[in-house]
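[1] Make a model of this:
(one chain, ligands or ions: 1)
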Amino acid sequence: MKIDSSIFNDTINFIFTKDNSVGLFNTVVNDVYHSIYGAKEEAEQKFVKPLNFKKNYLQNKELKILDICFGIGYNTKALIKTIIQTKYKGKVSIDILENNKNLVLISPFIKDGYFKQYSEISFILFDRLFKDLYSKDTSSNKLYSMLKSKKHIEPFYRPLIKINESTGSVYIPQQANKAFLHNIYYHCISQRNKRVPKPLNYSKFIFNTYFDDARNTIKMLSGTYDIIFLDAFTPTKQPLLWTVEFFKELYRLADANCQLVTYSNSAAVRHAMLESGFYVGKFFDNKNRQCGTIASKNNNLILNKLNDYDLGLIFDTNAGIYYSDKNLSSSCEDIIEDHNKRKLELNLLSSSSYIKAKKWSKINE
Ligand SMILES: C[S@@+](CC[C@H](N)C(=O)[O-])C[C@H]1O[C@@H](n2cnc3c(N)ncnc32)[C@H](O)[C@@H]1O
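    As a prediction, this is how the structure comes out:
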């Protein structure tokens, strides 16, 4: 795995994950943005597959999606792939919540593994982010040095980004958007590509971008969503978006048949979801290991319910104590300090003692 540390003032490194899609690592949070086993694979397996899209959404006239912690967009991209594959006909509106605008803006250009078969995905994103991408206030930031990264950006897109090295400003050929559309069309019908897609109705996709702390954005959102992706950094490292108060906001925004999906198996996260009113379940990877959590207001949508063992971990051990952030404005440090304080006060069983005790009782059964 090759690491490039020259981008984003060394706080974000690009990596090739094992499925060859580009992932990121944050050196400040000391956490990965994507599974090293595959950024693309992770989005498809842990975020889109559990939705059971064909069964649960194909007949909807409209889909409202909330992608919290969009990053470089793998979860949205994986969902758009499913929308294309299943020939979903309705309108799709996607609200993007992300506090690092540059990540969202580079998302159409990244080597994400979709380019060959699903170049429409990048086009849709590019088209919708076009104004933000080429607005004056993005020209002086790190965005364009990222886009120059030869290793991690699809070479196909490079002509679109002409960089004026001396001033650091960007020259974009006029009508770049149209040219891009033309190129994508050409690319799609090229004999080199096995799949010849039917023209996609691009206009059915609406994107709204919110480049802020998701806690601020969430308070001002209204209406309801059919699908919510929550892909924040690991709860123990950055609990900001895993608190009971944040989940209460998500409950407010969830449609009766909404599915909220996350990669986290944390007992504290599941407890916060339950406390907010959601029914909560789990899902498994192809080796039958737990690989995420699903929450909904509709219990029928929860295929794999939490069992007594899971519920014991949630309610009887300190691993299940949820994070709290009363006004959705505390710092990470304060949230962790409050959490540690409540752990001491509650003095519950440690999760390791609980797991050992359960093993013993099983052996002695
Ligand atoms: C684990 S990564 C998610 C990766 C992403 N889903 C993707 O496909 O690239 C977490 C993302 O959350 C963003 N983030 C962290 N804290 C945030 C906050 N408080 N509000 C909004 N976004 C945040 C980070 O910038 C990062 O892109």
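
[2] what lines up beside the strand ranked longest in the chain in the sheet?
    Secondary structure of the chain read by DSSP state E shows that its longest strand is strand 254-262. For strand 254-262, the pairing partners within the sheet under DSSP bridges are strand 225-230 (parallel), strand 290-296 (antiparallel).

[3] Moving C-terminal from that strand, which element do we reach first?
    Remark: after strand 254-262, the chain's next helix or strand is helix 267-275, criterion DSSP states H and E.

[4] Would you map out the domains in this protein?
    Domain segmentation of the chain under automatic domain parsing yields 1-37, 104-204.

[5] Just the endpoints, please. Distance across the longest one?
    If I follow you right, that is domain 104-204. The first and last residues of domain 104-204 sit 20 Å apart, counting by CA to CA, to the nearest Å.

[6] pLDDT on it, on average?
    Taken as a whole, domain 104-204 carries a mean pLDDT of 70.

[7] Residues of the stretch 101-250 of the chain that sit close to the ligand?
    The stretch 101-250 of the chain has residues Leu103, Asp213, Ala214, Asp231, Ala232, Phe233, Leu240, Leu241 near the ligand, with proximity defined as CB under 6 Å from any ligand atom. Glycine gets a C-beta too; all of them are placed from N, C-alpha and C.

[8] Please, a ChimeraX command that selects the buried ones among those residues?
    Only the buried entries of those go into this ChimeraX selection, using 16 or more other CB atoms under 10 Å:
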select :103,214,231,232,233,240,241
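
[9] which stretches of the stretch 1-150 of the chain form helices?
    Using DSSP state H, counting those that start in this stretch, the helices found in the stretch 1-150 of the chain span residues 39-42, 53-57, 74-85, 101-106, 119-133, 143-147.

[10] How about this structure: which residue is closest to the ligand?
    Nearest residue of the chain to the ligand, counting by CB to the nearest ligand atom: Gly71, 2.4 Å away.

[11] wait, what's in contact with that residue?
    Leu24, Tyr33, His34, Glu98, Asn100, Leu103, Val104, Ser107, Asp231 (CB atoms under 8 Å, 6 or more residues apart in numbering).

[12] Look up how far Gly292 lies from it.
    Distance of Gly71 to Gly292, given as CB to CB, to the nearest Å: 17 Å.

[13] And for the residue nearest to Lys61 when sequence neighbours are not counted, the neighbour number?
    The spatially closest residue to Lys61, leaving aside those adjacent along the chain, is Gly90, at 4.8 Å (CB to CB, 6 or more residues apart in numbering). Gly90: 13 surrounding residues under other CB atoms under 10 Å.

[14] pLDDT value on Gly90, please?
    In this prediction Gly90 is given a pLDDT of 95.

[15] Spell out the secondary structure type for Val280.
    Put simply, Val280 is strand when judged by DSSP: H, G, I helix; E, B strand; the rest coil.

[16] Go ahead and confirm it touches Leu274.
    Yes: if you go by CB atoms under 8 Å, Val280 and Leu274 touch, sitting 5.5 Å apart.

[17] Show me which of the two is the more surrounded one.
    Using other CB under 10 Å, the more surrounded residue of Val280 and Leu274 is Val280, with 23 against 20.

[18] Is the more buried one bridged to anything, and to what?
    Going by DSSP bridges, Val280 is paired in beta bridges with Ala295.

[19] For Lys46, see how far away it is.
    Distance, Val280 to Lys46, by CB to CB: 16 Å.

[20] if I read this right, Leu51 contacts Leu63, doesn't it?
    No: the criterion here is CB under 8 Å, and Leu51 misses it with Leu63 at 10.5 Å.

[21] between these two, what contacts are shared?
    Tyr57, Ile227.

[22] Give the closest residue to the residue nearest the centre of the chain in space, chain neighbours not counted.
    By CA atoms, centre = their mean, the mean C-alpha position of the chain lies nearest to Asp231, the distance being 4.3 Å. Sequence neighbours aside, Cys69 is the residue nearest to Asp231 in space, at 4.3 Å (criterion: CB to CB, 6+ apart).
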